[in-house]
Every structure is written in structure tokens, then in C-alpha cells.
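**Student:** how would this look folded up:
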Amino acid sequence: MHWKETLPDWYVKKYGYQPCVNIGTAGHVDHGKTTLIQAFTGVWTSVHSQELRRGITIRVGYSDAAFYKCKECEPPVGYSTTPKCPNCKKESELSRVVSFVDSPGHESLMANMLSGSALMDGAILVIAANEQVPKPQTREHLLALETLGIKQIVVVQNKVDLISYKEALSNYKDITKFVKGTKALKSPIIPVSAQSGLNIDALIGAIEETIETPQRDESKNAVMHVLRSFDVNKPGAKIKTIKGGVIGGSLTQGVFNIGDEIEIKPGILNEKKKSYEPIQTEIASLGTGAGTVEIVKPGGLVAIGTKLDPSLTRSDS
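**Tutor:** Numbers count the residues shown, from 1 in each chain. So this is what the prediction gives:
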């Protein structure tokens, strides 16, 4: 069952058919960020051909998940990503729907990580339990989160299934030393195995208690941070069936409706004037993880179908 079919009236009225918060991942390459998101969402966000060949995240990935809380079970076992409690098998209540922003961990892709972190309301700092603490990108990513003002952080001690209890405890102490003097000082540190799904319920509970949904103003003019862009047309598509370019990102304020006129900045570089010219276009369609919608609100990742030449938006161009 898709999460859109479980949304209660209060959620739809407040947030619409979309996630309400963006949570990013941070941490060193191969510490399990993408695997962790797959444990939440069932989606492997590294889908680019080069990512699959190299086994690392290159572009910023994204996917959605719904968090549910059982009324009968005591935390943390009452938290899950399914509407039926895996512990007592009774119906759970929706807590909220979240968008995950999966950032690259490799040092050469730091700029990609920073572009993704600009959308984050909170972050999960993933640290492998079977490696020395801290690794270079672990330190750099935490510094980036602090620089960008992201204070709501949950620390994940991943891959605990690969080491002994004694080793896990030693690694845990190393993590606590590492986060001293940082914005993650008071962050919960949750031991998990993303690969096997171990302790994911406790992690969901920590996320729900630590990362709040921001208050956003829908009455202001809409502002959206663009993260990705796409050409959704298949090769050889007929002229009459070609769709305009699609941009993906998240609104920070206001709302978008189909038919709205929008301006994309900085726009196209004018070589003669040595300046950028903003692009004006019209919204042709709106989409979220729930499918096509009539309106999108702040919070969560959304897709905007435009009337732009799709060559302008191909592959994040």
C-alpha cells in the first residue's frame, strides 16, 4: 500500500499529498547512506549508470517515506514505515511523510553534497561502526551542516552487525568524542544495521523526536530551491507528444498551482553581456511522490513540469 492511501484528513489539509520535511544524509563514502535510505523507503537512490558501475552516489538522490506510530506499543518498537505495526500487527497512525535527500560522500563530489544540503531541514550523519572515527568526509560533512545552519542532526552508528559488542562500544565512545564541541553534541547516536534493518524502529523514533517540521508561510510569493532537472521524453518521441522540461526541488514558502507563471534564476548565460538572463515559463504539471497533483506546498521534494525546451533541463543541465 502506498503512503498516499493512508493520509488522514488533517495531514492532507495541512500539507497536501506530499512530504512535509526534507531530511538529508551526510557521511563518508561507503558508510551506508544510500542503504539506510533504502531501509526506510525501499528505493535505491543511486540509479545513474556511473553510480551503479562505481558503487557510490554521485548525483543527489531522493525518495519519500511515511513514518507511522503504533498506539499500543511502547517506543521505540512502535515506530515503522508501514501502516500496520510489525510488532503487534495492529493499525498504526501516520506521524508524517518525509523526503530523503541522499548526498554523495566522496571527496570529489563535495559540491554535489552542498547543493543537496541546501534543502535539508535536518540531517542523518551516518558513521560506519567498523571503521576509524572520524573519516575525512565525516568531518567535512558535519562542518558543512554546521556552516549551513542545520542544527537538527541524528547520528547513526551503522554496520554494527559486522563487529563485536566490545568493538561497537569502543566505536560509540569514539563518536561521542568526535561530536564534542559541534552542533551534534546533544544528538542521539543510534546503532543500526541498515543492510539487515536492525534497530530501524529506534532510528525512526529518534528522527521524530529530534527533527521537527518547520513552520512555513504559504501566503508569501512562492520560492523554490531547484535541486535537479530532467528531460522526461523518450528517444524518438513524436513532436506532438514531447513534454516540457521538468525541474525538481522544494518550496520554502508560498504555493504553486498549474498554470502559474514562474521565473527561474540565475537563468541562461549571455556570453556577450557576460551576465545571466532569468527564464520565464509556465507550470504545465505538478508532481509529488504521491503522483500528479493540482497544488504543491512548502516542504518535501516536488517536481514541476514546465513549458521549457526539454534540452535546457536534460540531466541536471
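**Student:** Show me the helices in the stretch 51-200 of the chain, by range?
**Tutor:** All helices of the stretch 51-200 of the chain, identified by DSSP state H, counting those that start in this stretch, fall at 110-117, 136-147, 165-178, 200-210.
**Student:** Would you mind finding the most buried of those?
**Tutor:** Most buried of those, by mean neighbour count (mean count of other Cβ atoms under 10 Å): helix 200-210, with a mean of 21. The way it works is simple: take the backbone N, C-alpha and C, and place the C-beta from them, glycine included.
**Student:** Among the helices of the stretch 51-200 of the chain, which comes closest to Lys238?
**Tutor:** Closest to Lys238 of the helices of the stretch 51-200 of the chain is helix 110-117 (Cβ to Cβ; 34.3 Å).
**Student:** for the record, mean pLDDT for the longest strand seen in the chain?
**Tutor:** Taking DSSP state E as the criterion, the chain has its longest strand at strand 275-288. Across strand 275-288, the average pLDDT comes to 95.
**Student:** How far does stretch 22-33 sit from its chain's centre?
**Tutor:** Computed by Cα atoms, centre = their mean, to the nearest Å, the chain-centroid distance of stretch 22-33 equals 10 Å.
**Student:** what's the answer for stretch 241-260, then?
**Tutor:** 18 Å.
**Student:** re earlier: mind putting the helices of the stretch 51-200 of the chain into JSON lines with mean pLDDT and distance to Asp260?
**Tutor:** Output for the helices of the stretch 51-200 of the chain, formatted as JSON lines (pLDDT from 0 to 100; distance: least, Cβ to Cβ, whole Å):
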{"stretch": "helix 110-117", "mean pLDDT": "51", "distance to Asp260": "24"}
{"stretch": "helix 136-147", "mean pLDDT": "89", "distance to Asp260": "33"}
{"stretch": "helix 165-178", "mean pLDDT": "98", "distance to Asp260": "46"}
{"stretch": "helix 200-210", "mean pLDDT": "97", "distance to Asp260": "33"}
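**Student:** Output the ones you listed as a markdown table; include the columns distance to Ile283.
**Tutor:** Rendered in a markdown table, the data for the helices of the stretch 51-200 of the chain read as follows (distance: least, Cβ to Cβ, whole Å):
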| stretch | distance to Ile283 |
| --- | --- |
| helix 110-117 | 23 |
| helix 136-147 | 32 |
| helix 165-178 | 45 |
| helix 200-210 | 32 |
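**Student:** closest one to Ala123 among the ones you listed?
**Tutor:** helix 136-147 (5.4 Å).
**Student:** name the helices or strands packed onto the closest one?
**Tutor:** If you count contacts as 3 or more Cβ pairs under 8 Å, 6 or more residues apart in numbering; DSSP states H and E, helix 136-147 packs onto strand 21-26, helix 110-117, strand 122-128.
**Student:** Pull it out as PDB, backbone CA atoms only.
**Tutor:** Provided in PDB are the C-alpha atoms of helix 136-147 (Å, rounded to 0.1, in the frame of the first residue of the first chain):
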ATOM      1  CA  PRO A 136      37.700  12.800   6.200                       C
ATOM      2  CA  GLN A 137      34.200  13.300   4.700                       C
ATOM      3  CA  THR A 138      32.500  12.600   8.000                       C
ATOM      4  CA  ARG A 139      34.400  15.600   9.400                       C
ATOM      5  CA  GLU A 140      33.800  17.700   6.300                       C
ATOM      6  CA  HIS A 141      30.100  16.900   6.000                       C
ATOM      7  CA  LEU A 142      29.400  17.700   9.700                       C
ATOM      8  CA  LEU A 143      31.300  21.000   9.200                       C
ATOM      9  CA  ALA A 144      29.100  21.700   6.100                       C
ATOM     10  CA  LEU A 145      25.900  21.000   8.100                       C
ATOM     11  CA  GLU A 146      27.100  23.400  10.800                       C
ATOM     12  CA  THR A 147      28.100  26.100   8.300                       C
END
